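> predicted model and sequence below, questions to follow.
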Amino acid sequence: MDQTAPHTIDSLAADLRGLGLSAGDVVLVHSSVRALGFVAGGAQSVVAALLEVLGPGGTLVVPTHTPDNTDPAGWQAPPVPEAWWPVIRASAPGFDPARTPSRYMGMLPEVVRAWPGAVRSDHPQVSFAALGTRAAEIVAGHRLDDALGEQSPLGAVYRLDGRVLLLGCGYDSNTSLHLAEWRQATAPRTEQGASVRHPDGGSHWLTWTDVQTDEDDFPQLGADFEATGAAASGRVGEATARLMSQRALVDFATAWLAAHRRRIS
């Protein structure tokens with residue numbers, strides 16, 4: 001590691017302000033804490049820096065997804081024997097916003113999820129957690145069959161004209177692009193399934209139909225969006241960071257997907 005001094009809450013806050021993040025912003029953050037280099041205090045300090053910049057009027061949003069709470073029939077990495085499927089569906093502890101940890105989202109979302117005052121949406125696969133003035137509004141009413149659409153936290157961030165911050169990660173992690181998928185008239189749909197916890201501690205398996213996600217072309221979509229000059233880029237810690245209007249991103253992506261993805265007849 002070629003780093004002359006540890007990064008701190010104050011230095012990260014200065015980097016974030018230099019990138020363009022401001023007090024009062026609503027910002028959806030995707031992150032690789034490791035990419036920031038050595039931070040005194042680790043992920044907790046990164047969250048503190050974000051909250052310092054956003055101030056009491058701002059709102060921090062993170063994905064707290066649980067992609068392991070899906071139908072085992074579709075698992076590929078690794079697959080499990082078909083004989084196990086009914087056991088997994090019947091025995092998996094149901095999703096509970098207060099108890100269930102996020103998976104594969106990195107360290108920062110888990111810190112936000114556990115932060116005093118954080119609230120979390122109740123979608124059993126693609127929940128979001130939020131801290132700040134608009135947090136409750138953003139996570140409310142997260143529908144099963146509109147997981148990343150208009151009635152999801154992504155749609156709420158769009159309506160609030162929020163921003164997206166990529167900290168050391170790329171457009172393949174940019175969840176807001178899925179909102180553009182949900183806006184496609186020809187988006188393929190598929191049956192989904194997940195385990196949900198009852199208030200009495202039991203659980204049951206739910207199924208529903210929603211849009212089938214596909215991130216394969218997100219890196220190219222992101223590169224084309226950046227070519228318009230609409231994303232600010234700079235250093236936060238040791239990481240390359242990108243800050244953009246979520247509304248501008250989603251509007252661009254909605255048109256881009258309509259033009260570049262094969263239409264489903």
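Now that the structure is in, tell me what you want to look at.
> show me the helices in the protein, by range?
All helices of the chain, identified by DSSP state H, fall at 9-19, 42-54, 85-91, 107-114, 135-139, 153-159, 176-182, 218-226, 246-260.
> can you lay out those as JSON lines showing mean neighbour count?
In this view, the C-beta of every residue, glycine as well, is placed from N, C-alpha and C. Output for those, formatted as JSON lines (neighbours: other CB atoms under 10 Å):
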{"stretch": "helix 9-19", "mean neighbour count": "18"}
{"stretch": "helix 42-54", "mean neighbour count": "21"}
{"stretch": "helix 85-91", "mean neighbour count": "14"}
{"stretch": "helix 107-114", "mean neighbour count": "21"}
{"stretch": "helix 135-139", "mean neighbour count": "20"}
{"stretch": "helix 153-159", "mean neighbour count": "24"}
{"stretch": "helix 176-182", "mean neighbour count": "23"}
{"stretch": "helix 218-226", "mean neighbour count": "17"}
{"stretch": "helix 246-260", "mean neighbour count": "18"}
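> looking at those, which has the lowest confidence?
Lowest mean pLDDT within the helices of the chain: helix 85-91, a mean of 89.
> what does that one rub up against?
Identification of contacts with helix 85-91 by CB atoms under 8 Å, 6 or more residues apart in numbering yields Asp71, Pro72, Ala73, Val80, Gly193, Ser195, Trp205.
> wait, which of those residues is closest to Val53?
Among the contacts of helix 85-91, Ser195 lies closest to Val53 (CB to CB), at 37.4 Å.
> just give the number of residues close to Thr66.
By other CB atoms under 10 Å, the residues close to Thr66 number 20.
> residue contacts, it?
Phe95, Thr100, Pro101, Ser102, Arg103, Pro124, Gln125, Val126, Ser127.
> buried stuff in stretch 113-124?
Buried positions in stretch 113-124, judged by neighbour count with 16 or more other CB atoms under 10 Å: Arg113, Trp115, Ala118, Val119, Arg120, Ser121, Asp122, His123, Pro124.
> give me the contacts around that stretch.
Contacts to stretch 113-124, defined as CB under 8 Å, 6+ apart, come from residues 47, 62, 64, 66, 69, 94-95, 97-98, 101-102, 112, 127-131, 135-136, 138-140, 142-144, 147, 152-153, 194-196, 206.
> only the buried subset of the residues you listed, as a ChimeraX command please.
Remark: buried members of the contacts of stretch 113-124, expressed as a ChimeraX selection using 16+ other CB under 10 Å:
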select :47,62,64,66,69,94,95,97,102,112,127,128,129,130,131,135,138,139,142,143,144,147,152,153,194,195,196
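> count of neighbours near Gly74?
12.
> likewise for His204?
11.
> return the residues in contact with it.
Counting by CB under 8 Å, 6+ apart, His204 has contacts Gly94, Ser195, Val196, His198.
> hmm, the third one is touching Thr207, no?
Spelled out, it's Val196. No. Assessed by CB atoms under 8 Å, Val196 is found out of contact with Thr207, at 10.9 Å.
> most remote residue from the protein's center?
Ala83 (32.7 Å; CA atoms, centre = their mean).
> and it, how far from Pro93?
Ala83 is 21 Å from Pro93, where distance means CB to CB, to the nearest Å.
> one more: Trp85?
17 Å.
> what of Gly141?
Per CB to CB, Gly141 is found 24 Å from Pro93.
> and of the buried residues of stretch 113-124, the nearest to Arg235?
Set against Arg235, the nearest of the buried residues of stretch 113-124 by CB to CB is Trp115 (25.3 Å).
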